[in-house]
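Colleague: what follows is a predicted protein model with its sequence.
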Amino acid sequence: MTRIETQRIEPTRLEEISEPISDAIAGLSAESAKLGSALHSRTAANLADLVRIMNTYYSNLIEGHNTRPRDIERALEGKFDQDKDRRNLQVEAAAHVHLQSEIDRMAREGTLPEPASRDFILRLHRDFYKDAPPEMLLIGAGDRAFTMEPGKWRAAPEHEVEVGRHLPPSSARVEDFMKYFEQQYRFDKLKQGGRILAMAAAHHRFNHIHPFPDGNGRVSRLMSHAMAHSAGIGAQGLWSISRGLARGLAGGVEGRTEYKKMMDHADMPRQGALDGRGNLSLRALNEFVLWFLKICLDQVSFMSGLFDIGTLIERLRAYVARQELKPEASRLLEEALIRGEFERGDISRVTGQPDRSARRVLVEVIEAGLLASDTPKGPVSLRLPVDALEILFPRLF
């Protein structure tokens, strides 16, 4: 690829770090560390299941699809709607949740690949669409219609696209651009602050290249989720970039259009000799990066408030009362919240009830979907059904 061609996505990184960006990086690092350490790792892993549903819900909203949390939960249970369009949305939602769960698992185990690598990005696209019905892979209409192959770049003349006022690189050049993308945004030689900056800039430049015929937005948000883990701000999967991108900073109707406006703004060509040395505007990239980091910080702070142990215990007690469960049920939930899990033999001690009474309380809580275990007689840990979200996590959706 010639130097002139690579200039099409330059600048890929910021030349200098402004004070507001530096402050945002510091705040994001501190707040994510606070969130990541707030809960027992087992509790966090279980509550991350809810965050994945939330992330998928908002990612669908960005794509113009309103898939209710209950429909997503049903899809994860293998229960799909009879209506084809709603079923297809459920298939997409389930794929998103499963992929994010895999990213979170690899992050916990220290096996997460380089998130900017072509192999990883192709894998995200392939795995997202692997269970998609044929109609979901059909792109375009009439003579220009074609079937997208999951895990393959745009590579043919019929794959040419326009995104708003932006014309992405030609399909024949996508592989070259993605090689350059990987070189510019690899994390292996960057420290935490540099990785956080790269995550923000890469989110835009990936979509600017638009390497797939379809699914670029979803893949970019999953890639950013993986980058957050690799940058040390993943906080055990307890926050979602998609919620922030869907809602913006302004809130309301104006906030819902921010993402599209900021992405379009960062597509701006260079504005004169003082605006960087690439084809695109350095000033616009700076503004996008700052906005993106503020979005991340806003979401981490929001989730920190929801997952604060003191207030969460109070909401658990309120939910127990609303469901008309025995008051001792809240003691079991608090024990699981704080300790991560506990043995069934501990229930009498925790509830302060005789064994038989304590077992009845445990059965009641398990039937309500608030506690569960991996094996029939194994230790139990906190599990929260979607129906509990309205009380336990207000304003989440």
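Modeller: Received, thanks.
Colleague: what's near enough to touch the nearest residue to Met199 once chain neighbours are set aside?
Modeller: Excluding its sequence neighbours, the residue lying closest to Met199 (CB to CB, 6 or more residues apart in numbering) is Met227, at 4.0 Å. Placement of C-beta: from N, CA and C, glycine included. Met227 is in contact with 115-116, 187, 195, 198-199, 202, counting by CB atoms under 8 Å, 6 or more residues apart in numbering.
Colleague: check Thr311 too.
Modeller: By CB under 8 Å, 6+ apart, the residues touching Thr311 are Gly305.
Colleague: what strand or helix carries it?
Modeller: Assessed by DSSP states H and E, Thr311 sits inside helix 309-322.
Colleague: buried residues of that helix, list them for me.
Modeller: Of the residues in helix 309-322, 312, 315-317, 319-320 count as buried by neighbour count, 16 or more other CB atoms under 10 Å.
Colleague: likewise stretch 36-48?
Modeller: Of the residues in stretch 36-48, 36, 38-40, 43-48 count as buried by neighbour count, 16+ other CB under 10 Å.
Colleague: what is the nearest of these to Val365?
Modeller: Nearest to Val365 among these: Asn46, at 14.3 Å, using CB to CB.
Colleague: which pLDDT value goes with the closest one?
Modeller: In this model, Asn46 is scored at 89, pLDDT.
Colleague: now do the contacts for it.
Modeller: 381-384.
Colleague: before we move on, what SS does it have?
Modeller: helix (DSSP: H, G, I helix; E, B strand; the rest coil).
Colleague: which one (most neighbours) among the contacts of Met227?
Modeller: Counting neighbours by other CB atoms under 10 Å, Met199 comes out on top of the contacts of Met227 with 28 neighbours.
Colleague: following the helix or strand of the chain with the lowest mean pLDDT, which helix or strand comes up?
Modeller: Least confident helix or strand of the chain, by mean pLDDT, DSSP states H and E, is helix 3-6 with a mean of 58. Tracing the chain C-terminally past helix 3-6 and defining elements by DSSP H and E, one meets helix 19-36 next.
Colleague: what average pLDDT does that next one get?
Modeller: Here the average pLDDT along helix 19-36 is 96.
Colleague: show me what counts as buried in it.
Modeller: In helix 19-36, counting by 16+ other CB under 10 Å, buried: 21, 24-25, 27-29, 31-32, 35-36.
Colleague: so what touches it?
Modeller: So helix 19-36 is contacted by 14, 17, 44, 192-193, 196-197, 228, 232-236, 238-239, 286, 289-290, 293-294, 296-297, 300-301, 303-304, 307 (CB under 8 Å, 6+ apart).
Colleague: report the buried members of these.
Modeller: The neighbour-count criterion (16+ other CB under 10 Å) marks 14, 44, 193, 196-197, 228, 232-236, 238-239, 286, 289-290, 293-294, 296-297, 300-301, 303-304, 307 among the contacts of helix 19-36 as buried.
Colleague: of the residues you listed, which belong to helices?
Modeller: Of the buried ones among the contacts of helix 19-36, the ones assigned to helices by DSSP state H are 44, 193, 196-197, 228, 286, 289-290, 293-294, 296-297, 300-301, 303-304.
Colleague: residue boundaries of the strands in this structure?
Modeller: Per DSSP state E, the chain carries strands over the ranges 138-139, 146-147, 371-372, 381-382.
Colleague: the last one pairs with which strands, parallel or anti?
Modeller: Paired with strand 381-382 in the same sheet, following DSSP bridges, are strand 371-372 (antiparallel).
Colleague: what's the strand it pairs with in contact with?
Modeller: Applying CB under 8 Å, 6+ apart, the external contacts of strand 371-372 come out as 332-333, 336, 362, 365-366, 380-383.
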